[in-house]
Structures are given as C-alpha cells and as structure tokens.
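Trainee: Here is my input; please provide its structure:
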Amino acid sequence: MRVHHDQLELRTNSKGLYEITEDVQSKIDRSGVRNGTVTVFVQHTSCSIVIMENADPTARDDLEEF
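Mentor: Below is the predicted model of the structure:
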C-alpha cells in the first residue's frame, strides 16, 4: 500500500471562512495516488474544518454570521 503525505499552510489575517477545496485537490492530483482516502486536519485549537456542499450560496453567509 502506498502512502503519501503533504501539507497545506494557510496564513490568515483575521477570522473567516477559507475555501481550501482546490488546494487539497491540487495536492491529490500531484501525488500520483488515484485510489484511496484523504485526511484533512488542523493542529490549532481555534481552527475548525467544515465540510459542506456549495449548492446553497446562503449557507456560507449563515456560517459567517455564526
């Protein structure tokens, strides 16, 4: 079984929502791995990952107000 590890560093200036889907997809594409799973995690206690579809544009607005 092949294992690939990569990192994505995101520097921010303030609180907010940051779309990382394309960044993660790019790393997957460059890895050469075609079948498997992806684990995304953060090491900072004041950060969280939200997984959602972007079908409803107001969903992001709701999260920003939360």
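
Trainee: Could I get the full set of helices for the chain?
Mentor: 21-31, 57-65 (DSSP state H).

Trainee: Now the weakest link among these, please, by mean pLDDT.
Mentor: Mean pLDDT is lowest for helix 57-65 among the helices of the chain, at a mean of 82.

Trainee: C-alpha coordinates for it, CSV please?
Mentor: Coordinates of the C-alpha atoms in helix 57-65 are reproduced here as CSV (Å, rounded to 0.1, in the frame of the first residue of the first chain):
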residue,chain,number,x,y,z
PRO,A,57,-24.9,30.2,-1.6
THR,A,58,-26.6,31.5,1.6
ALA,A,59,-25.1,28.6,3.7
ARG,A,60,-21.7,30.3,3.7
ASP,A,61,-23.4,33.5,4.8
ASP,A,62,-25.0,31.7,7.7
LEU,A,63,-21.7,30.2,8.8
GLU,A,64,-20.0,33.6,8.7
GLU,A,65,-22.7,35.1,10.9
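
Trainee: Contacts only, for His4.
Mentor: Counting by Cβ atoms under 8 Å, 6 or more residues apart in numbering, His4 makes contact with 31-33. In this view, the C-beta of every residue, glycine as well, is placed from N, C-alpha and C.

Trainee: ok, Arg60 - how many residues close by?
Mentor: Look at Arg60: counted by other Cβ atoms under 10 Å, it has 14 neighbours.

Trainee: chain center to stretch 2-16, what's the gap?
Mentor: The chain centre lies 8 Å from the centre of stretch 2-16; the measure is Cα atoms, centre = their mean, to the nearest Å.

Trainee: List the buried residues in that stretch.
Mentor: Residues of stretch 2-16 include none that count as buried (16 or more other Cβ atoms under 10 Å).

Trainee: Next, find the distance separating Glu53 from Glu22.
Mentor: 15 Å (Cβ to Cβ, to the nearest Å).
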